[in-house]
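*Asks:* next input, structure requested:
(one chain, ligands or ions: 1)
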Amino acid sequence: MNGPRLNVIASPGQEALAEESLLSLAGVTRRFGGLTAVEDVSFTLAEGELVGLIGPNGAGKTTLFNLITGFTAPSSGEIRWRRKVITGAPVHRIARLGITRTFQNLRVFPNLTVFDNVSVGAIGRYRYGLLDTLLHRAPRAKEVGEATWRALEQTGLLPYANELAANLSYGKRKYLEIARGLAFDPQLLILDEPAAGLNDTETGELSAFLARLNRQGLTLLLVEHDLNLVMNLCQRVLVLAAGRLLAQGTPAEILDNRAVQDVYLGVKRRHEFINVGPHRSEAGGIVHPAGYLAAGG
Ligand SMILES: Nc1ncnc2c1ncn2[C@@H]1O[C@H](COP(=O)(O)OP(=O)(O)OP(=O)(O)O)[C@@H](O)[C@H]1O
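*Replies:* Numbering: from 1, shown residues only. You can find the predicted model right below:
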C-alpha cells in the first residue's frame, strides 16, 4: 500500500520501552478484504501516561481501538499488556486484564437508572458463571455496589443515581459512559471521541476531569477530533494517517511536524493552538498538562 511519507519521530531504546510498558503494539496490521485499515503500527504506552490519538476520518483510529480491546483481531502483529501477549484475546478477557473503553456512540440504556447503567460495568468486572446466572445468584454484589458508587462519585453523577438515564442531558450521558468504564476499575481507559457534541464549556470541564483521573494514576488513551483538547491535555500524541503511524511526539513536536501539517492539520499551524480553547496560557504558549493541572485540574 502506498501510504503517506513516513516521518515517525524515533525514540531511543524502543525495545527497552516495550519491556517496561503497560501496553505495546508491534507491527500491528488489520485488513478488511482488500482494504488495510491499520498497517504495521508499533507504539508503547507507559503506565500513567495521557496519550492522544489523532488522524483524518478513516485513518484507522477506531479500528486500532478495536484491536487493542479485542473487538477485532489483528491480521498480523503482536499486542502485549504488561509484557504478556494478548493478541486476538477475547473482549471479556482483555477487559478483565484492565483495559476498558468507551464508545463513540453512547451506549446508554435509557430506561434503566443511572446506577443500573453504571453497575453493568461493575458486573462485567466480576466473573459470573453460568451456574450463578441459573441460580439467580449475585456473587460479589457488595463489590459491584461499591464499584458503582465509586464510579458515580468520581464522575459527579451521585445526585443522579436514581434518575432514568433518559432524563440526563447529553453532557451528563457522556459522563455516564465514562462512569461505566470506571466501574470496571481499569488500569487503561480508552476513550473514543469523549468531547464529540460538547460545547466549549463542557469540553473544558471534561478536560479538567480527564486530567484529574490521570493525576490519580489512570492511564488514558483518547481519540479526539477536538485538537485544542488533545494539544492542551495530552502529554504525547500519536498521529495515524491511512492506517499508518505517521508521527508520535509531544503536542509541540506534532504541531511542528511538517508531514502531520501536510496530511492532517492542513493550513492549521502551531499558532492556531495557542491561546485558544479552554486552557488559555497567560504566557501565550501551549498549556503544559502539568501547568493546566495546577491551574484548574
Ligand atoms: N468492519 C469493517 N469492515 C470493513 N471495513 C472496515 C471495517 N471497519 C473499518 N473499516 C474501514 O477501515 C478504515 C478505517 O476506519 P476507522 O473507522 O478505523 O477510521 P477512523 O480513523 O476511526 O475514522 P473516523 O474518524 O471517521 O471515526 C475505513 O476505510 C473503514 O471503512
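*Asks:* and the strands in the protein, which stretches?
*Replies:* Ranges of strands in the chain, per DSSP state E, are 23-32, 35-45, 50-54, 76-81, 84-85, 99-101, 188-192, 219-223, 236-241, 244-249.
*Asks:* quick one: the ones you listed as a markdown table, columns for mean neighbour count too.
*Replies:* To be clear about C-beta, it is placed using only N, CA and C from the backbone, and glycine gets the same treatment. Compiled in a markdown table, the strands of the chain are given as follows (neighbours: other C-beta atoms under 10 Å):
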| stretch | mean neighbour count |
| --- | --- |
| strand 23-32 | 19 |
| strand 35-45 | 20 |
| strand 50-54 | 24 |
| strand 76-81 | 18 |
| strand 84-85 | 10 |
| strand 99-101 | 25 |
| strand 188-192 | 23 |
| strand 219-223 | 24 |
| strand 236-241 | 24 |
| strand 244-249 | 22 |
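*Asks:* can I get those in a markdown table including mean pLDDT and distance to Asn167?
*Replies:* Shown next, in a markdown table, are these (pLDDT from 0 to 100; distance: least, C-beta to C-beta, whole Å):
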| stretch | mean pLDDT | distance to Asn167 |
| --- | --- | --- |
| strand 23-32 | 97 | 37 |
| strand 35-45 | 97 | 36 |
| strand 50-54 | 96 | 32 |
| strand 76-81 | 97 | 38 |
| strand 84-85 | 94 | 42 |
| strand 99-101 | 93 | 25 |
| strand 188-192 | 96 | 24 |
| strand 219-223 | 97 | 27 |
| strand 236-241 | 95 | 37 |
| strand 244-249 | 96 | 42 |
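*Asks:* export those strands as CSV, with columns for distance to the ligand.
*Replies:* Below are those laid out as CSV (distance: least, C-beta to the nearest ligand atom, whole Å):
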stretch, distance to the ligand
strand 23-32, 3
strand 35-45, 3
strand 50-54, 9
strand 76-81, 15
strand 84-85, 23
strand 99-101, 13
strand 188-192, 8
strand 219-223, 7
strand 236-241, 6
strand 244-249, 12
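*Asks:* want to try CSV for those, with distance to Gly145 as columns?
*Replies:* Below are the strands of the chain laid out as CSV (distance: least, C-beta to C-beta, whole Å):
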stretch, distance to Gly145
strand 23-32, 30
strand 35-45, 31
strand 50-54, 29
strand 76-81, 28
strand 84-85, 31
strand 99-101, 19
strand 188-192, 21
strand 219-223, 26
strand 236-241, 36
strand 244-249, 41
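*Asks:* around the ligand, pick out the residues from the stretch 51-200 of the chain.
*Replies:* Gly55, Asn57, Gly58, Ala59, Gly60, Lys61, Thr62, Thr63 (C-beta under 6 Å from any ligand atom).
*Asks:* repeat that for 8 Å
*Replies:* Residues of the stretch 51-200 of the chain found near the ligand (C-beta under 8 Å from any ligand atom) are 55-66, 72, 104, 193.
*Asks:* low-scoring stretches of the stretch 51-200 of the chain, by residue?
*Replies:* The stretch 51-200 of the chain contains residues with pLDDT under 70 at 106, 121, 124-140.
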